[in-house]
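Peer 1: Got a sequence here, can you model it:
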Amino acid sequence: MHLTKLSITTAVATLLFGASFGAQPGLFAGVALGYGQLNNGQKDIPSESGLTETLTGFAYGVSAGYNFSNYLGVEGQVNRNPSLELKDSGTTVLKEKIYDIDILADGYLPINNDYFGSDFGLVGKAGLAYLEVKASPAGEYSIDGPDTVHLYRPKVAAGVSYDAIKNMSISLIYSHIFSIKGRVAVDTGTLSVNYLF
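Peer 2: This next block holds a predicted model:
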């Protein structure tokens with residue numbers, strides 16, 4: 001996996017900023033924007049082939065869920081991940097758009113001390129992601145129409161959140177969708193805003 005910079009950045013930010021408040025019970029909804037990287041499960045493309053591969057890009061999504069207590073909740077997410085793009089001498093010959101729909105269990109650990117105050121905490125998430133991979137081949141990769149693959153994968157996430165104002169939190173989250181049998185894996189770092197109803 002080639003996500004060293006993103007992993008280090010997220011880890012440093014997690015150490016510096018603390019994390020998800022001891023969640024307030026009730027319904028919540030949120031939006032997220034970030035950056036991610038794909039691992040397509042294949043070996044690097046030889047430079048002499050003339051092919052170049054792009055595996056990074058922006059990611060965004062929406063979520064909604066319910067916190068049962070200050071420590072436990074559940075949520076659903078719909079996310080648009082970075083696209084995989086393959087070019088031959090500057091011309092796109094293959095593009096894969098990747099979406100995921102997730103069901104996750106959320107765990108919260110408030111940080112209550114003189115330094116952080118009571119508005120910070122840690123958050124962890126785990127569950128199942130349903131991925132839709134839409135490939136649009138061209139040139140020698142052409143097929144009759146777009147090719148769509150549906151996959152189920154485990155997903156985990158961890159990070160920090162700050163209870164900015166009443167009924168609103170800001171979170172910095174790193175997430176990973178696991179690769180199985182050489183298929184795509186997804187890593188993202190996102191900044192999200194959640195509103196509690």
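
Peer 1: Which parts of the protein are helices?
Peer 2: Listed in chain order, the helices found in the chain under DSSP state H are 4-17.

Peer 1: Could you check the longest strand belonging to it and say which residues are buried?
Peer 2: If each strand of the chain is counted by residues according to DSSP state E, the longest one is strand 91-113. Of all the residues in strand 91-113, those buried under the rule 16 or more other CB atoms under 10 Å are 93-98, 100, 102, 104, 106, 108, 110-111. For glycine as for every other residue, the C-beta is placed from the backbone atoms N, C-alpha and C.

Peer 1: And stretch 75-94, by the same measure?
Peer 2: Neighbour count says stretch 75-94 has 75, 77, 79-86, 88, 93-94 buried, by 16+ other CB under 10 Å.

Peer 1: okay, now residue 152: neighbour count?
Peer 2: Residue 152: 9 surrounding residues under other CB atoms under 10 Å.

Peer 1: in the protein, what spans have low per-residue confidence?
Peer 2: 1-22, 40-50, 112-118, 137-146, 180-183 (pLDDT under 70).

Peer 1: Give me the residue at the spatial middle of it.
Peer 2: Most central in the chain under CA atoms, centre = their mean is residue 188, positioned 3.9 Å from the mean C-alpha point.

Peer 1: before we move on, the earlier item: just give the strands next to the longest strand of the chain in its sheet, each with its orientation.
Peer 2: strand 72-80 (antiparallel), strand 84-88 (antiparallel), strand 117-137 (antiparallel) (DSSP bridges).

Peer 1: one step back: just grab the bridge partners of the residue nearest to the centre of the chain for me.
Peer 2: Beta-bridge pairing for residue 188 (DSSP bridges): residue 36, residue 175.

Peer 1: Distance check, it against residue 60.
Peer 2: As judged by CB to CB, to the nearest Å, residue 188 and residue 60 stand 10 Å apart.

Peer 1: list residues touching both of these two?
Peer 2: Common neighbours of residue 188 and residue 60, counting by CB atoms under 8 Å, 6 or more residues apart in numbering, are 34, 79.

Peer 1: So of the buried residues of strand 91-113, which two are at opposite extremes in space?
Peer 2: Greatest spatial distance among the buried residues of strand 91-113 (CB to CB): 93 and 110, at 50.1 Å.

Peer 1: hmm, back to that, ok now the longest strand of the chain, how far from the chain's centre?
Peer 2: How far strand 91-113 lies from its chain's middle: 3 Å, per CA atoms, centre = their mean, to the nearest Å.

Peer 1: circling back: so which of the buried residues of stretch 75-94 is the closest to residue 177?
Peer 2: Residue 177 has its nearest neighbour among the buried residues of stretch 75-94 in residue 81, at 8.2 Å by CB to CB.
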